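Trainee: I'll drop the sequence and a predicted model, then ask my questions.
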Amino acid sequence: MRIVLKASPALVVLALSVFLLTQKGNAIPAFSREYATSCLTCHIVFPKLNDFGKAFKDAGFRFPKDEETYIKVAPVMLGAEAQKQNFPNSVWPGTIPGMPPIGLRFNSFFQATGANRNRFDVLTPPGSIPQTIPATDFASGLFSIFTAGNFGNGIAFWVDDDISLAGTNGAGGLGDGYLKFVNVSRFLKLPKDSLTVRAGQFELDLPVTQARSYNLSPYDIYQQANIGAVNSMVALKQNVSNQFTFANPAKGIELSGGHQYGGYHYSVAVFDQNTAGLDQSSNTNPYVPSATGGANGGVGFGSSTDFKNVYGRLSYRFNLERDSESRHDIQAAGPTGPRDHTYLSFGSFYLYGKSLQQFVGASNILRVQEPYYRVGGDFNFHYRGFQIYGVYLNGRDQNLLPVDDTGALIPLPLSSESPLPVGFIKSVPARFHGGFVQADLMIHPWIMAIMRWDAVNSTADRINGLALAAGTPFFAALHST
């Protein structure tokens, strides 16, 4: 158990932590300056978004209605309004933000760890010195730069980059970087906000965000990869080495519709398959050009196979006010003015992909794509300053084992003495499941109490890591929580 204490005046929190964002939350202080309004316009209490903040995001970082009335720093026109009549024979006169929409984020923590932290020293191999886990510690976080806004006409943008991570000169990297075309449905004569298109690099439409969260530790289930049981003492090994996790950003395109603040919401994304764990700059070829920049005439290839992942999410939120007008408004009307709705939402999500496995075969390179899926569900209940939500996820990878020319299984891992494989047969799939339940309580506008339960159960992880390790106190069931 880890307890983290933070104590800062509200202005210091805003200055240093303006990007500790809530579920599906995107906001930067430039928006507050642009509209000359308080951060609490879009937040229940910082950094937790209210329904108006969610509507602001859905509308492409614009006020959901009467935008021209509320904006205080007018955007810069990139052409005359009359050019719209001459399009496509002229450049469409878009806009750019009237001020540089840039914000910075830095965080640092003081943490206290329970006395049971040293109980896990018994897992250290005999003769090795265990890792030092102090009772208290000052922990540095990250430093990031964010920019976001819109180009008018329903085109929004978002870019965030971690300049440094986890310590002195620790390298960061690009988080999200995308263009979002809001309410494309208006061109297709569909219901309002029923179709929006996002393209670039982005976090998938997860039930609860991992990338933009106010939590101090990540959700374990989002970081779970599926690596099959390969321990040499296991008779029936698994030919599964899938590095995909939901914590990684996706490169692709996403169609979505509905709203985060009430009613239905859906998304469908098609994005690069990368189950090998290679970054883009490491996957290059000097003879094949790729996107502009970098060595070898390009930045490399983000995919590890020709197959593209497909991810879908569907949810519905019930606003629970009795009054119909209040229930359908963006913010519910309370006795002291606008406040967030009381609501209950349910959702489900599904991902399908194929993991590429390659071997030197008897006559050529032998390739097989192992199908895998991730499926799950979620719930979210909110009442005033209290919120409880949870996610469950089940993962399965098909296990295709190599066989020789007699049809016999080839023991894994392959070595120089192993027979050359000629094909594959199906075996016991590699599976895992788990999730989390979290409750948040706003005690004051500057204090949030959080309690979370995390669990990931994986037979393969247990076999590979603990179950058959010498000197471990754990035995019996091949799973852990």
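Mentor: Received the coordinates, thanks. Numbers count the residues shown, from 1 in each chain.

Trainee: domain ranges for this structure?
Mentor: With domains defined by the TED database, the chain comprises 24-122+131-176, 182-278+303-470.

Trainee: What are the buried residues along the helix or strand hosting S32?
Mentor: Element membership of S32 [criterion: DSSP states H and E] is helix 29-35. For helix 29-35, the neighbour count (16 or more other C-beta atoms under 10 Å) marks 29-32, 34-35 as buried. Every residue, glycine included, has its C-beta placed from N, CA and C.

Trainee: just the strands in the stretch 251-400 of the chain please.
Mentor: 263-272, 308-319, 332-334, 337-339, 343-360, 365-383, 386-403 (DSSP state E, counting those that start in this stretch).

Trainee: what is the mean pLDDT for the third one?
Mentor: Here the mean pLDDT over strand 332-334 is 73, rounded to a whole number.

Trainee: Renumber starting at 31 from here on
Mentor: Taking 31 as the first residue, the last one we looked at is strand 362-364.

Trainee: residue contacts, the residue lying closest to G383 once chain neighbours are set aside?
Mentor: Spatial nearest neighbour of G383, excluding adjacent residues (C-beta to C-beta, 6 or more residues apart in numbering): N339 at 4.2 Å. Going by C-beta atoms under 8 Å, 6 or more residues apart in numbering, N339 touches 274, 280, 282, 299-303, 381-383.

Trainee: for P123, same thing?
Mentor: 107-111, 113-114 are the contacts of P123 under C-beta under 8 Å, 6+ apart.

Trainee: can you check I473 too?
Mentor: I473 neighbours (C-beta under 8 Å, 6+ apart): 415, 479.

Trainee: Okay, and it sits in which element?
Mentor: Judged by DSSP H and E, I473 forms part of strand 453-474.

Trainee: tell me the angle of that strand relative to strand 373-390?
Mentor: 150 degrees (axes from the mean of the first three to the mean of the last three C-alpha atoms, to 10 degrees).

Trainee: quick check: angle from strand 453-474 to strand 416-433?
Mentor: Using the same axes, to 10 degrees: strand 453-474 against strand 416-433 is 170 degrees.

Trainee: Go through strand 453-474 and flag the buried ones.
Mentor: Under 16+ other C-beta under 10 Å, the buried positions of strand 453-474 are 454, 457, 459-466, 468, 470, 472.

Trainee: Show me the shaky parts of this protein.
Mentor: By pLDDT under 70, the low-scoring segments of the chain are 31-58, 75-77, 153, 196-201, 261-266, 323-326, 364-367, 392, 495-511.

Trainee: So the closest residue to G109 other than its chain neighbours: helix, strand or coil?
Mentor: The shortest distance from G109 to any non-neighbouring residue, by C-beta to C-beta, 6+ apart, is to P123 (3.1 Å). Assigned by DSSP: H, G, I helix; E, B strand; the rest coil, the conformation of P123 is coil.

Trainee: Show the contacting residues for G179.
Mentor: 60, 91, 126-127, 131, 186-187.
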